[in-house]
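Sequence below, structure please.
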Amino acid sequence: MTRISVVIPSWNDAEMLANCLAALARQERPADEIIVVDNGSTDATAAIAAASGARVVAEPLRGTLPATAAGFDAARFPVIARLDADSVPPPDWLARIERTMETRPGIAAVTGSGDFYGAGAAVRWLGRNVYLGGYFTVIGALLGHPPLFGSNFALRSSAWQRLRGRVHRTVREVHDDFDLSFALRPDMAVLYDPELRVQISARPFDSLSGLWRRIRWAYLTLRLNTAEQSARQRRAERRSWQRQGAQGATRHDPGDDPGTEPDGLIART
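Model (predicted):
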């Protein structure tokens, strides 16, 4: 059985965190450890996490990326699953991640999408099909592989060890999932599983200012990463690796090198 750490960064999200932790307690396949990263909260975040049996890691540097990186560094097991405090995973969420990681040893990460709660039907539809649908379609085309979705993905710890020095972990105004998606190396395959879904809060749409902040952070993440390497260069590197991987597929067992998969980077179940 593959052991799994679950990492949840949280800042003043005590009530939603309690719902997330309750959903993790109902998993068919329990987490081997749950790490809640308290990102300088002034509410009951740390107390609620501790009461649930989670390990609390303090990260005083505010920002989702610093908090996520601290949680990944603290994780002890071969697979690191990532949720947001407002995520509500279904009972089979961890079982599905475990099955995927065991049956697809060549992938570095698996990601899924989400279904919004806490808003009207029209907002939920726009969130799912335009907001998230646009993220996976547009950013996937830009990167040359499916992007990770911070509310719902899992990464091998061996991949994180290669990436931890490449992410912009001290920068507050970036999206951690977008930044980590840029950091993925050309040989790291990402599986998008449309059946791997969680419920997520519709609070990004509560105000125009909140939505604009997320858009601005996306732009800053994009600008920061493309200044270091253009999207065209990244795609060229990945295509080159894919060709090399295809040529060497008959003599290379991807299970020998977890996180590589010569049969393609954009994979769906």
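
For the residue nearest to residue 10 when sequence neighbours are not counted, give its distance to residue 168.
Leaving out its chain neighbours, the residue that sits closest to residue 10 by CB to CB, 6 or more residues apart in numbering is residue 85, at 4.2 Å. Bear in mind the C-beta positions are built from the backbone N, C-alpha and C, glycine included. Distance, residue 85 to residue 168, by CB to CB, to the nearest Å: 22 Å.

which non-adjacent residue is nearest residue 61?
Using CB to CB, 6+ apart, the nearest residue to residue 61 is residue 170, at 6.8 Å.

Report pLDDT for that neighbour.
Residue 170 carries a pLDDT value of 90.

Would you map the helices across the stretch 1-150 of the chain?
For the stretch 1-150 of the chain, applying DSSP state H, counting those that start in this stretch gives helices covering 14-25, 45-51, 64-74, 93-103, 121-126, 133-134, 140-143.

Any idea which of those helices gets closest to residue 176?
The minimum distance between residue 176 and the helices of the stretch 1-150 of the chain falls on helix 64-74, with 4.0 Å, by CB to CB.

contacting residues around the closest one?
7-11, 35-37, 39, 55, 57, 59, 80, 82, 150, 155, 157, 160, 164, 167-172, 174-176, 179-180 (CB atoms under 8 Å, 6 or more residues apart in numbering).

Could you identify the buried members of these?
Restricting those to buried positions leaves 7-11, 35-37, 39, 55, 57, 59, 80, 82, 150, 155, 157, 160, 167-169, 171, 174-176, 179-180, with burial counted as 16 or more other CB atoms under 10 Å.

Okay, and which of those map to strands?
Of those, the ones assigned to strands by DSSP state E are 7, 8, 9, 10, 35, 36, 37, 55, 57, 80, 82, 155.

Closest one of these to residue 128?
Nearest to residue 128, judged by CB to CB, of those is residue 82 at 19.5 Å.

residue contacts, that closest one?
Per CB under 8 Å, 6+ apart, neighbours of residue 82: 6, 7, 8, 68, 148, 150, 151, 152, 153, 154, 155, 177.

swap the cut-off to 7 Å and go again
Each residue near residue 82 by CB atoms under 7 Å, 6 or more residues apart in numbering is listed here: 7, 150, 153, 154.

Any chance of the backbone angles for the second one?
Its backbone dihedrals place residue 150 at phi -60, psi -30, with angles given as degrees, to the nearest 10.

distance of the spatially closest residue to it that is not a sequence neighbour from residue 93?
Spatial nearest neighbour of residue 150, chain neighbours left out: residue 177 (3.5 Å); criterion: CB to CB, 6+ apart. To residue 93, residue 177 is 17 Å away according to CB to CB.

higher neighbour count, the two?
Using other CB atoms under 10 Å, the more surrounded residue of residue 177 and residue 93 is residue 93, with 27 against 23.

And the pLDDT for that one?
98.

And it, how close does it get to residue 100?
Distance from residue 93 to residue 100, by CB to CB: 11 Å.
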